[in-house]
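A.B. asks: Quick one: sequence plus predicted model below, questions after.
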Amino acid sequence: MRILLIADLHGDDAVVDRLRAIAGKYDMVIVAGDLGPDKYIKNLLSISDNIYWVPGNMERPESCEWEKCIHKKRIELEDGLNLVGFGFSGPTPFGTPGELSEEEIYAQMNALPIDKKTILVTHTPPYGVLDDVGGGVHAGSKSLRKIMEEKEPRVLACGHIHHVEGREKAGETTVVQIPEGRMLRGVLLVIEQDQVMIHMESL
């Protein structure tokens with residue numbers, strides 16, 4: 001199974017053009033937040049039936065009601081693995097519409113069926129892991145970090161921090177920071193016999 005993860009598109013039309021050409025190469029395409037204006041999101045989702053998404057801090061809470069939003073939902077995958085989505089972010093200095101308090105993040109995520117077979121796709125990163133915005137300042141969620149440590153998902157893939165990408169092991173979880181989508185790059189997950197292989201992918 002091949003899953004393409006992209007994030008932080010911010011209304012870039014070049015990403016839509018590329019997805020029209022390549023979406024069929026993957027079993028699933030998941031956008032991890034900050035897609036763009038409402039019209040852009042609906043246009044993006046119309047490209048293919050295999051495109052799913054979670055909202056970022058730039059999306060309105062009511063956007064979760066749209067089709068193919070997997071915020072707070074679980075999808076069963078091959079080989080006993082599963083995928084859980086969780087959108088939005090913690091508080092930011094910018095007062096964006098898709099912000100939750102740390103208390104809300106913990107309460108909502110703690111109620112989700114996350115386990116050691118989970119690929120967890122979020123917008124925000126966990127605090128202290130691939131979330132440095134400069135000057136030693138970390139912009140990740142402390143509540144997400146706590147959930148990760150308690151539930152130990154196999155993989156946690158996130159966006160939100162534009163200038164950071166790559167992977168890092170945190171306890172039992174491999175955290176993957178998805179490159180900014182406007183750079184026409186993403187992450188490819190290949191699931192094979194209970195193994196999850198992670199590759200950086202050019203669109």
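C.D. replies: It's in.
A.B. asks: three-state assignment of residue 164?
C.D. replies: Judged by DSSP: H, G, I helix; E, B strand; the rest coil, the three-state class of residue 164 is coil.
A.B. asks: ok, now residue 145?
C.D. replies: helix.
A.B. asks: Which residue, other than its chain neighbours, is closest to it?
C.D. replies: residue 126 (3.9 Å; C-beta to C-beta, 6 or more residues apart in numbering). Heads up, the C-betas are built off the backbone N, CA and C, glycines and all.
A.B. asks: thinking that neighbour is in contact with residue 175, fair?
C.D. replies: Yes. Distance between residue 126 and residue 175: 6.5 Å, which falls inside the contact criterion (C-beta atoms under 8 Å).
A.B. asks: what do the two both touch?
C.D. replies: Each of 148, 156, 158 lies in contact with both residue 126 and residue 175 under the rule C-beta atoms under 8 Å, 6 or more residues apart in numbering.
A.B. asks: Which of the residues you listed fall in strands?
C.D. replies: Among the shared contacts of residue 126 and residue 175, DSSP state E puts 156, 158 in strands.
A.B. asks: Any chance of the shared contacts of residue 126 and residue 175 in JSON lines with pLDDT and neighbour count as columns?
C.D. replies: Listed next are those as JSON lines, based on pLDDT from 0 to 100; neighbours: other C-beta atoms under 10 Å:
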{"residue": "148", "pLDDT": "98", "neighbour count": "25"}
{"residue": "156", "pLDDT": "99", "neighbour count": "30"}
{"residue": "158", "pLDDT": "98", "neighbour count": "30"}
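A.B. asks: Kindly reformat the shared contacts of residue 126 and residue 175 as a markdown table and extend each row with distance to residue 35.
C.D. replies: Below are the shared contacts of residue 126 and residue 175 laid out as a markdown table (distance: C-beta to C-beta, whole Å):
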| residue | distance to residue 35 |
| --- | --- |
| 148 | 24 |
| 156 | 20 |
| 158 | 15 |
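A.B. asks: ok, the shared contacts of residue 126 and residue 175 vs residue 39, which is closest?
C.D. replies: Nearest to residue 39 among those is residue 158, at 25.6 Å by C-beta to C-beta.
A.B. asks: residue contacts, that closest one?
C.D. replies: 7, 32, 121-126, 130, 175-178.
A.B. asks: Among those residues, which lie within strands?
C.D. replies: 32, 121, 122, 175, 176, 177.
A.B. asks: element containing residue 14, please.
C.D. replies: Here residue 14, judged by DSSP states H and E, is contained in helix 13-22.
A.B. asks: could you give the mean pLDDT of that helix?
C.D. replies: Across helix 13-22, the average pLDDT comes to 96.
A.B. asks: Show me what it is packed against.
C.D. replies: helix 38-45 (3 or more C-beta pairs under 8 Å, 6 or more residues apart in numbering; DSSP states H and E).
A.B. asks: so the helix it packs on versus helix 13-22, what angle?
C.D. replies: For helix 38-45 against helix 13-22, the angle by axes from the mean of the first three to the mean of the last three C-alpha atoms, to 10 degrees is 20 degrees.
A.B. asks: Would you mind extracting the C-alpha trace of the helix holding residue 14 into CSV?
C.D. replies: Extracted as CSV, the C-alpha positions of helix 13-22 are listed here (Å, rounded to 0.1, in the frame of the first residue of the first chain):
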residue,chain,number,x,y,z
ASP,A,13,-2.3,25.9,-7.7
ALA,A,14,0.9,24.1,-8.8
VAL,A,15,0.1,21.4,-6.2
VAL,A,16,-3.4,20.9,-7.7
ASP,A,17,-1.9,20.6,-11.1
ARG,A,18,0.7,18.0,-9.9
LEU,A,19,-2.0,16.0,-8.0
ARG,A,20,-4.1,15.8,-11.2
ALA,A,21,-1.2,14.0,-12.8
ILE,A,22,0.0,11.7,-10.0
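A.B. asks: Great, nothing more from me.
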